[in-house]
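S.K.: Got a predicted model here, sequence first, then my questions.
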Amino acid sequence: MSENASLFAIANFRYYLTARLASTLAQNAMVVVIGWQVYDIARRTMTTKEAAFQLGLVGIAQFLPLLLLTLVVGWVADHVDRRWIARSAISLELICAGTLALLAHYQMTTLPALFMIAALLGVARAFAGPALQALAPNLVPSALLPRMIATNSIAWQSGAIAGPAMGGYLYAAGHPLPYEVATGLFAVSLTAMLLIGPITRNIQKTGVKPWEQVIEGLRYVRRNRLVLGAISLDLFAVLLGGATAMLPIYARDILRVGPEGLGHLRAAPAAGAALTALYLSFRPLKKHVGPKMLAGVGVFGVATIIFGMSRWMPLSLLCLFFLGIGDMVSVFVRQSLIQIYTPDAMRGRVGAVSTLFISGSNELGEAESGILAAAIGPVAAVILGGVGAIGVTLLWSRWFPELRNAATFDPPANLEILIQETKT
């Protein structure tokens with residue numbers, strides 16, 4: 001199939017995209033409301049800094065299951081039908097959404113309940129992340145992979161745009177509503193995943209023990225410095241530049257725009273990212289991909305700093321919009337490199353490492369931002385995080401010249417040798 005062929009002519013990819021969009025809408029609607037409820041409940045009896053610490057604990061609650069399970073489910077994703085792994089994870093998310101809807105309906109929502117649901121959502125993401133990431137390349141020909149990644153990003157970012165705003169507006173209309181709608185969306189996502197037919201892929205059947213195969217995936221990432229540099233750059237840049245984790249504080253106590261404004265703040269970076277992904281789906285990057293990824297992370301850091309200093313809602317939204325643009329360029333290049341540079345039989349395990357790093361940058365970044373905000377204040381924490389993201393970009397450009405010198409997405413001539421060395 002040529003590069004000009006339509007992705008949407010592939011039925012399995014259409015179902016996959018529907019499932020991804022519906023689940024992303026539901027996830028983002030829930031996340032924004034959970035963050036608001038945790039901070040709002042905490043602020044009734046705590047100071048701003050103490051409530052910020054509680055907000056950080058939500059990140060820890062989601063990250064710990066990912067830390068404990070991701071590498072194991074990466075091995076599972078290389079040996080079990082990836083469709084059923086994703087279906088099971090979405091089912092768990094559906095149960096979580098339904099539980100929160102019932103708690104909100106009977107006015108029984110508490111901090112412990114929110115932390116417990118956040119942890120269960122972390123379990124679901126630990127299984128869904130590697131499975132969905134490894135499943136997508138099985139649905140389209142290799143010639144369409146870059147366009148598939150961009151199109152998949154559009155679905156994800158579209159959900160990230162509409163989800164937070166939807167969650168904020170629905171919560172303002174009625175506290176159970178965002179969770180009730182999320183329950184319905186997860187049901188749609190699960191139905192679409194069930195419609196994906198059998199796929200052709202290489203299942204590893206070797207005498208190598210499972211734990212040795214997990215280590216093999218880690219070894220491959222460590223030895224492929226381009227993949228290692230791309231994954232770790234995202235980890236440390238987003239870990240430090242966690243402005244989005246502070247958005248409930250900015251919405252309630254700094255910009256004073258309430259839950260509706262929080263929805264706009266959460267949607268702004270996704271809007272920038274979605275427009276960038278739309279552009280890349282038609283005009284994918286082909287040259288100087290490494291320098292463009294580094295530049296994207298640099299833009300992310302600068303936008304974070306200006307947002308931290310802003311007290312004007314339009315400027316804050318503009319900063320978050322450009323933050324999303326920089327992040328999307330980085331995500332597009334990183335995901336393309338990982339998918340193209342990794343053999344299918346190892347994509348589950350390498351995807352698991354990538355998911356662990358990404359979740360470390362997101363959920364653990366929320367914890368870092370919350371704890372730092374409790375120590376020095378939310379504004380200083382955001383500004384310092386932006387400075388840190390720029391610093392990481394400069395260091396990675398020096399420590400990983402493979403990133404700086406990456407001209408195209410074409411795999412290196414020694415890729416097969418690298419794969420064989422990993423197995424020894």
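M.R.: Structure received.
S.K.: Pull the number of nearby residues for the residue nearest to V379 when sequence neighbours are not counted.
M.R.: Sequence neighbours aside, G308 is the residue nearest to V379 in space, at 5.7 Å (criterion: CB to CB, 6 or more residues apart in numbering). Where C-beta positions appear, they are placed from N, C-alpha and C, glycine not excepted. Neighbour count of G308, defined by other CB atoms under 10 Å: 24.
S.K.: ok, now L372?
M.R.: Residues contacting L372 under the criterion other CB under 10 Å number 23.
S.K.: and the residue nearest to it when sequence neighbours are not counted, how far is that from W36?
M.R.: Setting aside the residues directly before and after it, L372 is nearest to A381 in space (CB to CB, 6+ apart), at 4.2 Å. Here A381 is placed at a distance of 19 Å from W36 (CB to CB, to the nearest Å).
S.K.: sorry, back to before: surely the residue nearest to L372 touches M246?
M.R.: Yes. Shown here, A381 and M246 form a contact pair, counting by CB atoms under 8 Å, at 6.8 Å.
S.K.: which residues do these two both contact?
M.R.: Common neighbours of A381 and M246 (criterion: CB atoms under 8 Å, 6 or more residues apart in numbering): S369, A373.
S.K.: Neighbour count: the two, which is higher?
M.R.: M246 (28 against 24).
S.K.: can you pull the contacts of that one?
M.R.: With contacts defined as CB under 8 Å, 6+ apart, M246 is in contact with A52, L55, S369, G370, A373, P378, A381, V382.
S.K.: Contacts only, for the closest residue to it other than its chain neighbours.
M.R.: Among residues not flanking M246 along the chain, P378 sits closest, at 4.9 Å (CB to CB, 6+ apart). Listed by CB under 8 Å, 6+ apart, the contact set of P378 reads T48, A52, M246, I249, Y250, I254.
S.K.: Could you list which of the residues you listed belong to strands?
M.R.: Judged by DSSP state E, the contacts of P378 include no members of strands.
S.K.: so how far is the helix or strand where I383 lies off the chain centroid?
M.R.: Applying DSSP states H and E as the criterion places I383 in helix 378-399. Relative to its chain's centre, helix 378-399 lies at 19 Å (CA atoms, centre = their mean, to the nearest Å).
S.K.: In it, which residues are buried?
M.R.: Using 16 or more other CB atoms under 10 Å as the test for burial, helix 378-399 gives 378-379, 381-390, 392-393, 396-397.
S.K.: now it: mean pLDDT?
M.R.: Helix 378-399 shows a mean pLDDT of 90.
S.K.: What of stretch 102-112?
M.R.: Mean pLDDT, stretch 102-112: 93.
S.K.: And the contacts of that stretch?
M.R.: Q37, V38, I41, A42, Q54, L100, A113, H175, P176, Y179.
S.K.: Where does pLDDT dip in the stretch 101-250 of the chain?
M.R.: For the stretch 101-250 of the chain, the stretches with pLDDT under 70 are 157, 160-161, 200-218, 221, 238-242.
S.K.: Is M46 in contact with A52, as I believe?
M.R.: No. Here M46 lies out of contact with A52, judged by CB under 8 Å, at a distance of 9.1 Å.
S.K.: the more surrounded of these two?
M.R.: Counted by other CB under 10 Å, M46 and A52 do not tie: A52 has more neighbours, with 28 against 14.
S.K.: What's the local residue count around the spatially closest residue to that one that is not a sequence neighbour?
M.R.: Closest residue to A52 apart from its sequence neighbours, by CB to CB, 6+ apart: A373 at 4.1 Å. Neighbour count of A373, defined by other CB under 10 Å: 26.
S.K.: Over to I254?
M.R.: Per other CB under 10 Å, the neighbour tally for I254 reads 18.
S.K.: Could I get the contacting residues of it?
M.R.: Counting by CB under 8 Å, 6+ apart, I254 touches R311, P378, V379.
S.K.: Where do the helices of the stretch 151-300 of the chain begin and end?
M.R.: Per DSSP state H, counting those that start in this stretch, the stretch 151-300 of the chain carries helices over the ranges 177-195, 210-223, 225-240, 247-249, 258-282, 289-309.
S.K.: What lies in contact with the fourth one?
M.R.: Read it as helix 247-249. So helix 247-249 is contacted by 35-36, 38-40, 48, 51-52, 55, 262, 265-266, 373, 378 (CB under 8 Å, 6+ apart).
S.K.: if we go to 6 Å?
M.R.: The contact list for helix 247-249 (CB atoms under 6 Å, 6 or more residues apart in numbering) reads G35, W36, Y39, A52, L262, L265, R266, P378.
S.K.: Now for those: which two are most distant?
M.R.: Greatest spacing in the contacts of helix 247-249, by CB to CB: A52 and R266 (17.0 Å).
S.K.: what about burial for the contacts of stretch 102-112, which qualify?
M.R.: By 16+ other CB under 10 Å, those give Q37, V38, I41, A42, Q54, L100, H175, P176, Y179 as buried.
S.K.: need the contact list for the fifth one.
M.R.: Contact analysis of Q54 by CB under 6 Å, 6+ apart lists V38, A42.
S.K.: What of the third one?
M.R.: Going by CB under 6 Å, 6+ apart, I41 touches L111.
S.K.: hang on, the earlier thing: ok, the contacts of stretch 102-112 vs F282, which is closest?
M.R.: Y179 (36.3 Å).
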